[in-house]
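Engineer: got a structure for you, letters missing:
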Ligand SMILES: Nc1ncnc2c1ncn2[C@@H]1O[C@H](COP(=O)(O)OS(=O)(=O)O)[C@@H](OP(=O)(O)O)[C@H]1O
């Protein structure tokens, strides 16, 4: 997919500055050999994944040359966030500043220092949803791959995806439980379920209302977002893995544009849109997000295995099977030693405790089917490159 036809967020082009830096790299080279960025998703086990990687580097005794960061939120929060992502430039962010921020964090820690680090790992679970982050990171990935030999530096991405129904429940619990508890005697579970069913009903009826004599522009802003979601769901339902290539590409382009447009509109709903229920729902629509990243990235990046996807449920069931492959992929030395990660990363149950009722679960499953139906065949197309071991992405329901 060519970038120019996509309605992508503007990004200030600093490739010349970066190129200059790369040409004068002898004096102050600040890039590690491998930089891994965990893109998300939120409430998909990203913290466990971080701990896992930390343990891998310790186990392989490369911890002095590796740094596993806490969430830096460089690309989603530290970069000045402009409201209209598609018309204004995000001016003050760059890959150089990102690496400098990482370096400063290490210096503040004052524990470790190394001439050239082997590995940096950072995850911030919202990177995945932001079109501006996707544009920036994929653009840098394409650029750096062209300009730095793989033996000097490699930028790679890691995504973990969880059943979107459990993800949503977890997000609701973490975002609202304490807030709702203070609001009255009704239990958060009942409020959550009520809100979830209301949202689904709103989505089902929104077309009717927008087709009536009420003007689209006079709809409340929240309704415009819901209407746009509905349009996105309709586009996704037309995607078919076996369709002719030119038709599929056109549709993928429309889906990505529709995601960006919906996200933009949502970002305008409220300043605190990251904690808005609409975004909590929308985050579980992984297919458009994966399309966005994988279609902007060059095919070469994918073939060179720089973008990996884990399925949460398979990963947490048996960490040990992933040890060797992940250790090699992140750039830690190959080792024949085995290690019992299961003993260290014990299974964790739902923090929410409350179990969702069956009717809410069913409604949510249908909801997420509408936006994720293409996910499994889409990801499985890249099976030899984007999964670890012999994984296949399997449907959650
Ligand atoms: N091993 C294992 N087994 C079962 N569940 C697990 C495991 N590791 C993480 N988790 C669950 O993942 C949820 C937290 O995800 P994140 O770490 O990505 O959260 S965050 O986005 O960083 O806030 C959170 O989900 P909920 O408990 O449902 O809220 C964790 O319990």
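Structural biologist: Happy to help now that I have it. Fair warning: this is a prediction, and the values are worked out from it, not measured in the lab.
Engineer: Could you list the residues of the stretch 251-397 of the chain in contact with the ligand?
Structural biologist: 316, 347, 348, 350, 351, 352 (Cβ under 6 Å from any ligand atom). Where C-beta positions appear, they are placed from N, C-alpha and C, glycine not excepted.
Engineer: what about the residue nearest to the second one when sequence neighbours are not counted, how many residues close to it?
Structural biologist: Spatial nearest neighbour of residue 347, excluding adjacent residues (Cβ to Cβ, 6 or more residues apart in numbering): residue 316 at 6.6 Å. The burial count assigned to residue 316 is 19, neighbours taken as other Cβ atoms under 10 Å.
Engineer: swap in residue 142?
Structural biologist: Neighbour count for residue 142, taken as other Cβ under 10 Å: 17.
Engineer: ok, now residue 153?
Structural biologist: Residue 153 - counted by other Cβ under 10 Å - has 20 other residues nearby.
Engineer: do the same with the one 3 residues further on
Structural biologist: For residue 156, the tally of surrounding residues (other Cβ under 10 Å) stands at 19.
Engineer: In which helix or strand does it reside?
Structural biologist: Assigned by DSSP states H and E, residue 156 belongs to strand 154-161.
Engineer: any idea of the mean pLDDT for that strand?
Structural biologist: Here strand 154-161 scores 97 as its mean pLDDT.
Engineer: quick revisit: residues of the helix or strand hosting the residue nearest to residue 347 that come out buried?
Structural biologist: When elements are assigned from DSSP H and E, residue 316 belongs to helix 312-317. Buried positions in helix 312-317, judged by neighbour count with 16 or more other Cβ atoms under 10 Å: 312, 314, 315, 316.
Engineer: tell me the contacts of the third one?
Structural biologist: Think residue 315. Residues near residue 315 by Cβ atoms under 8 Å, 6 or more residues apart in numbering: 45, 49, 160, 322.
Engineer: related to what we said a few turns ago, give me the distance between the strand holding residue 156 and the centre of its chain.
Structural biologist: Computed by Cα atoms, centre = their mean, to the nearest Å, the chain-centroid distance of strand 154-161 equals 9 Å.
Engineer: try stretch 230-248
Structural biologist: Using Cα atoms, centre = their mean, the offset of stretch 230-248 from its chain centre is 21 Å.
Engineer: what do you get for stretch 324-343?
Structural biologist: How far stretch 324-343 lies from its chain's middle: 24 Å, per Cα atoms, centre = their mean.
Engineer: So for the helix or strand where residue 321 lies, what gets flagged as buried?
Structural biologist: Per DSSP H and E: residue 321 is located in helix 320-330. By neighbour count on 16+ other Cβ under 10 Å, the buried set for helix 320-330 is 321, 322, 323, 324, 326, 327, 329, 330.
Engineer: coming back round to it: tell me the one of the contacts of residue 315 nearest residue 361?
Structural biologist: residue 45 (19.7 Å; Cβ to Cβ).
Engineer: Go through the contacts of residue 315 and say which is closest to the ligand.
Structural biologist: Distance to the ligand across the contacts of residue 315 (Cβ to the nearest ligand atom) is lowest for residue 45, with 4.1 Å.
Engineer: What is the nearest of the buried residues of helix 312-317 to the ligand?
Structural biologist: residue 316 (3.7 Å).
Engineer: Roughly how far does the closest one sit from residue 45?
Structural biologist: Distance of residue 316 to residue 45, computed by Cβ to Cβ, to the nearest Å: 6 Å.
Engineer: Repeat that for residue 192.
Structural biologist: The spacing between residue 192 and residue 45, counted by Cβ to Cβ, is 21 Å.
Engineer: which residues touch whichever residue of the stretch 151-300 of the chain sits closest to the ligand?
Structural biologist: With Cβ to the nearest ligand atom, the shortest gap between the stretch 151-300 of the chain and the ligand falls at residue 170, namely 3.3 Å. For residue 170, the contacting residues are 43, 350, 351, 352, by Cβ under 8 Å, 6+ apart.
Engineer: The last one: which element?
Structural biologist: Think residue 352. Assigned by DSSP H and E, residue 352 falls within no helix or strand.
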